[in-house]
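S.K.: Just to be clear, the model below is a prediction. Sequence and coordinates:
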Amino acid sequence: MVGNNVSHSKRRVKRKFNVNLFRKKFYLPDENRWVVLTVSAHGLRIINKKGVVAAVKEAKEKGFIEKN
């Protein structure tokens, strides 16, 4: 997304709004292995709420994760 930095004198300069992404390692006990996921801050909250196994399963069903 793009927007403007607005100074105190109301001068406008173009800027970018970057996505808040993190590379995190999660342990999947069902598969007995670690996986590295690139998740957003909101995705981390979902993983904390539902658990990593349920969140990964739901993401695969919705097509966010490629099925190997």
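M.R.: Looks like it arrived, so ask away. Keep in mind the model is a prediction, meaning the values are calculated, not measured.

S.K.: going forward, measure contacts between C-alpha atoms and count neighbours the same way
M.R.: Noted.

S.K.: pretty sure Arg33 is touching Val53, no?
M.R.: No. If you go by CA atoms under 8 Å, Arg33 and Val53 don't touch, sitting 11.9 Å apart.

S.K.: Quick check on those two: which one has the bigger neighbour count.
M.R.: Val53 (16 against 9; other CA atoms under 10 Å).

S.K.: excluding its backbone neighbours, what's nearest Asn4?
M.R.: Leaving aside its chain neighbours, Asn4 sits nearest to Lys14 (4.6 Å; criterion: CA to CA, 6 or more residues apart in numbering).

S.K.: What is the burial count for the nearest residue to Glu66 once chain neighbours are set aside?
M.R.: In space, Glu66 comes closest to Lys60 once its chain neighbours are excluded; the distance is 6.9 Å by CA to CA, 6+ apart. Look at Lys60: counted by other CA under 10 Å, it has 13 neighbours.

S.K.: and Lys60, which of the three is it?
M.R.: Under DSSP: H, G, I helix; E, B strand; the rest coil, Lys60 falls in the helix class.

S.K.: pull the CA atoms of stretch 50-65 into CSV?
M.R.: Provided in CSV are the C-alpha atoms of stretch 50-65 (Å, rounded to 0.1, in the frame of the first residue of the first chain):
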residue,chain,number,x,y,z
LYS,A,50,-5.9,-22.4,17.6
GLY,A,51,-2.5,-24.1,17.8
VAL,A,52,0.0,-24.7,15.0
VAL,A,53,-1.5,-28.0,13.8
ALA,A,54,-5.0,-26.6,13.4
ALA,A,55,-3.8,-23.4,11.8
VAL,A,56,-1.6,-25.2,9.3
LYS,A,57,-4.5,-27.6,8.4
GLU,A,58,-6.9,-24.7,7.9
ALA,A,59,-4.3,-22.8,5.8
LYS,A,60,-3.8,-25.9,3.6
GLU,A,61,-7.5,-26.2,3.0
LYS,A,62,-7.8,-22.5,2.0
GLY,A,63,-4.8,-22.9,-0.4
PHE,A,64,-2.4,-20.6,1.5
ILE,A,65,0.1,-23.4,1.8
